[in-house]
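Asks: Have a look at this fold, sequence not included:
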């Protein structure tokens, strides 16, 4: 594969995204400018709202906020994420920016009595922006996929390659991004792969021995070849290390102290506040769902089950019952499929939008769980997975969560090992910012689920 052609393709990709990003920001800022200028011209009682400098300042604040929030939520990732994911990111970004702008505008106006007029105007602004963003982004992504060709790749796998990870199939399921054209078993002499690698844009390393993987990564670095590889758990832990420059030898440090006491205190405080507010807001919905469950088969409203959380502690998780009474009367786990006869009518509805999980806010309030964290597993599943994967207990270093890294970036059928890796990524790179990002990703996923249901 021509190296210069690959470089030009990458440059074209970045230029395309840059142009799209500029247009997205123009759409958001121009619509805001229309609303703000019209409102300011009518309510300019103090004379400080109009004028080129004042209007420019208001637009600059909105533009800066839009860039930061949209970038953080992945709204610029055209050609990287799936279409619906990118559009959902942009719409959620617009919602956050417009909500924050309500209070910024009130600060500029200097009078809180304008809250509702501003609020309703910005709500309408958000609706218009959502339509415009979707109308631009979907065709833009379609054009990107026609203009920017996918990477042609070669996969190198080891003798003990875990074929269950289906990496070849997963990559080729995104044909607009990847085309794995060849798979080869890693040879003992990796130097023979140099000429082979030259034929492709990128290399994929799948479950190689440490020595083989290290050698191939260095080879790809030497020949300036893009390389993808599946990290081992130790790789994930190492990636969070700090580099210390104490003397003339590089030294990495993994503290392995867990989350700091301060961060834990802030996290717990936020858990209490969010769960309490959410329970109050959702209480009418809880009553309606509880009534529907009771009326359908007169069985119990809630379903309780033993789960494992921080330090291996077992607690009773609470859910709305979405299946018939005694669905697991033999005491064994029977995962429910989409057409499972055990799922009740109301159960299908609340499962589709994950409403059955929301009573776990009570678990969060009690301290059994956190809003964000590794999903707490059943006791028997923990015992089973720990036999297969000794590191499975690593996920018990933090409280189980209502949502988590593995839930927003994984799938229902993601393997236990891959979920564990994602949980370790969360634990070793924990920050309050990451918690917030996972919460927004959760909202985005729920939005996409509701959208799919509506389209069906």
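Replies: Sure, I can see it. Since the model is a prediction, treat every value here as computed from it, not as a measurement. Numbering: from 1, shown residues only.

Asks: okay, residue 22: pLDDT?
Replies: Listed pLDDT for residue 22 reads 97.

Asks: Does anything pack onto the helix or strand in which it is found? Which helices or strands?
Replies: In this assignment (DSSP states H and E), residue 22 forms part of helix 3-42. Taking 3 or more C-beta pairs under 8 Å, 6 or more residues apart in numbering; DSSP states H and E as contact, the helices and strands that helix 3-42 lies on are helix 52-73, helix 83-109, helix 115-147. C-beta: built from backbone N, CA, C; applies to glycine.

Asks: In a markdown table: those helices, plus mean pLDDT, distance to residue 296 and mean neighbour count.
Replies: As requested, these are exported to a markdown table (pLDDT from 0 to 100; distance: least, C-beta to C-beta, whole Å; neighbours: other C-beta atoms under 10 Å):
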| stretch | mean pLDDT | distance to residue 296 | mean neighbour count |
| --- | --- | --- | --- |
| helix 52-73 | 91 | 38 | 16 |
| helix 83-109 | 91 | 32 | 20 |
| helix 115-147 | 94 | 35 | 16 |
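
Asks: Residue 416 is nearest to which of those helices?
Replies: Of all the helices and strands packed on helix 3-42, helix 83-109 sits nearest to residue 416, with 24.6 Å by C-beta to C-beta.

Asks: how far does the closest one sit from the chain's center?
Replies: Mean-position distance between helix 83-109 and its chain equals 18 Å (C-alpha atoms, centre = their mean, to the nearest Å).

Asks: Quick one: work out the angle between it and helix 3-42.
Replies: 40 degrees (axes from the mean of the first three to the mean of the last three C-alpha atoms, to 10 degrees).

Asks: name the helices or strands packed onto helix 83-109?
Replies: Short answer (3+ C-beta pairs under 8 Å, 6+ apart): helix 83-109 packs on helix 3-42, helix 52-73, helix 115-147, helix 432-455.

Asks: on that earlier part again, what residues of the helix holding residue 22 count as buried?
Replies: By neighbour count on 16 or more other C-beta atoms under 10 Å, the buried set for helix 3-42 is 6, 9, 13, 16-17, 20-21, 24-25, 27-29, 31-33, 35-36, 39-40.

Asks: what's the angle from the host helix or strand of residue 427 to helix 432-455?
Replies: Residue 427 is located in helix 416-428, with elements delineated by DSSP H and E. If you take the same axes, to 10 degrees, helix 416-428 sits at 140 degrees to helix 432-455.

Asks: Please, where are all the helices along the stretch 251-400 of the chain?
Replies: Assigned by DSSP state H, counting those that start in this stretch, the helices in the stretch 251-400 of the chain fall at 261-297, 345-352, 360-366, 379-388.

Asks: Which residue lies closest in space to residue 340, excluding its sequence neighbours?
Replies: residue 323 (7.7 Å; C-beta to C-beta, 6 or more residues apart in numbering).

Asks: what's the neighbour count on the one you found?
Replies: 20 (other C-beta atoms under 10 Å).

Asks: ok, now residue 198?
Replies: The burial count for residue 198: 12, using other C-beta under 10 Å.

Asks: what's the distance between it and residue 13?
Replies: 21 Å (C-beta to C-beta, to the nearest Å).

Asks: quick check, residue 231 in a helix?
Replies: No: when classified by DSSP: H, G, I helix; E, B strand; the rest coil, residue 231 is found to be coil rather than part of a helix.

Asks: which residues touch the nearest residue to it once chain neighbours are set aside?
Replies: For residue 231, ignoring the flanking residues on the chain, the nearest one in space by C-beta to C-beta, 6+ apart is residue 421 at 6.8 Å. By C-beta atoms under 8 Å, 6 or more residues apart in numbering, the residues touching residue 421 are 231, 233, 236.

Asks: Quick check on these: which are buried?
Replies: Members of the contacts of residue 421 classed as buried by 16+ other C-beta under 10 Å are 233, 236.

Asks: May I see the contacts of residue 421 arranged in a markdown table, with pLDDT as well?
Replies: Formatted as a markdown table, the contacts of residue 421 follow (pLDDT from 0 to 100):
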| residue | pLDDT |
| --- | --- |
| 231 | 92 |
| 233 | 94 |
| 236 | 94 |
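
Asks: Under the pLDDT cut-off, which ranges of the stretch 151-300 of the chain? List them.
Replies: In the predicted model, the stretch 151-300 of the chain carries pLDDT under 70 at residues 160-165.

Asks: in it, which spans are strands?
Replies: 151-157, 178-185, 202-206, 226-229, 242-244, 251-253 (DSSP state E, counting those that start in this stretch).

Asks: What is the burial count for residue 113?
Replies: Residue 113 has 8 nearby residues by other C-beta under 10 Å.

Asks: For it, give its distance to residue 216.
Replies: For residue 113, the distance to residue 216 - C-beta to C-beta - is 66 Å.

Asks: Ok, residue 352 next?
Replies: According to C-beta to C-beta, residue 352 and residue 216 sit 44 Å apart.

Asks: Of these two, which one has the most company?
Replies: The neighbour count for residue 352 versus residue 216, taken as other C-beta under 10 Å, is higher for residue 216 (21 against 14).

Asks: what are the phi and psi angles of residue 410?
Replies: Here is the backbone geometry of residue 410 (degrees, to the nearest 10): phi -110, psi -170.

Asks: residues near it, how many?
Replies: Neighbour number of residue 410 under other C-beta under 10 Å is 17.

Asks: Hmm, residue 417 and it touching each other?
Replies: No: the pair residue 410 / residue 417 is not scored as a contact, 11.2 Å apart, by C-beta atoms under 8 Å.

Asks: How far off centre is stretch 259-266?
Replies: On C-alpha atoms, centre = their mean, the centre of stretch 259-266 falls 23 Å from that of its chain.

Asks: can you pull the buried residues of it?
Replies: Buried-residue list, stretch 259-266, by 16+ other C-beta under 10 Å: empty.

Asks: Begin at 8, not 1, for the rest of this chat.
Replies: Will do, 8 is the new start, and the previous item becomes stretch 266-273.

Asks: Give me the domain ranges for this structure.
Replies: For the chain, the structural domains run 10-154, 158-237, 268-462, going by automatic domain parsing.

Asks: Quick one: closest of these to residue 253.
Replies: Checked against C-beta to C-beta, the stretch from these lying closest is domain 268-462, at 22.5 Å.

Asks: And the residue found closest to residue 95 once you drop the neighbours it is linked to in the chain, how close does it get to residue 147?
Replies: The shortest distance from residue 95 to any non-neighbouring residue, by C-beta to C-beta, 6+ apart, is to residue 451 (4.5 Å). Distance, residue 451 to residue 147, using C-beta to C-beta: 19 Å.

Asks: Same check on residue 311?
Replies: Counting by C-beta to C-beta, the gap from residue 311 to residue 147 is 48 Å.

Asks: Same check on residue 162?
Replies: From residue 162 to residue 147 the distance is 30 Å (C-beta to C-beta).

Asks: cool, and residue 293?
Replies: In terms of C-beta to C-beta, residue 293 sits 41 Å off from residue 147.
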